[in-house]
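1. Structure, please.
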Amino acid sequence: MSVVAYMTSWCSDCARSRRVLQRAGVAFAEIDIDKIAGAETAMRGLNGGSNKVPTILVDTPEGRIVLVEPGDRELLQTLERAAVTG
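-> Numbers count the residues shown, from 1 in each chain. Here you go, the predicted structure:
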């Protein structure tokens with residue numbers, strides 16, 4: 001399983017999702033869409049055109065799961081499912 005999180009430094013939902021990932025012990029790549037040129041465009045290409053953050057990608061052997069502004073429960077359940085299948 002690999003996890004990529006498109007976030008910003010000012011977003012409270014991003015901070016919350018970051019804490020959830022850290023507490024779960026999940027290694028993840030964080031991409032700040034305000035600091036990395038082209039990151040917002042790339043994120044929109046992955047999440048159906050949305051500008052909402054966090055957008056979190058969870059890649060598993062079965063495929064990619066794209067979460068847009070997930071709640072804590074949704075994020076944790078996705079990580080659990082991915083760990084079981086991955």
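
2. Ala5 - that's part of a strand, no?
-> Yes: counting by DSSP: H, G, I helix; E, B strand; the rest coil, Ala5 is part of a strand.

3. and it, how many residues sit next to it?
-> When neighbours are counted by other C-beta atoms under 10 Å, Ala5 registers 22. All C-beta atoms are positioned from the backbone trio N, CA, C, and that covers glycine.

4. Lys35 too?
-> 9.

5. gap between it and Tyr6?
-> 11 Å (C-beta to C-beta, to the nearest Å).

6. Could you point out which residue ranges in the protein have low pLDDT?
-> Residues of the chain meeting the criterion pLDDT under 70: 84-86.

7. how many other residues sit next to Val3?
-> So Val3, with other C-beta under 10 Å, has 21 neighbours.

8. so it bridges to which residues?
-> Beta bridges link Val3 to Val58 when assigned by DSSP bridges.

9. List the residues that contact it.
-> Each residue near Val3 by C-beta atoms under 8 Å, 6 or more residues apart in numbering is listed here: Leu21, Val26, Ala27, Phe28, Ala29, Ile56, Leu57, Val58, Asp59, Leu79.

10. Do you have the strands of this protein handy? List them.
-> With DSSP state E as the criterion, the chain has strands at 2-7, 29-32, 55-60, 63-68.
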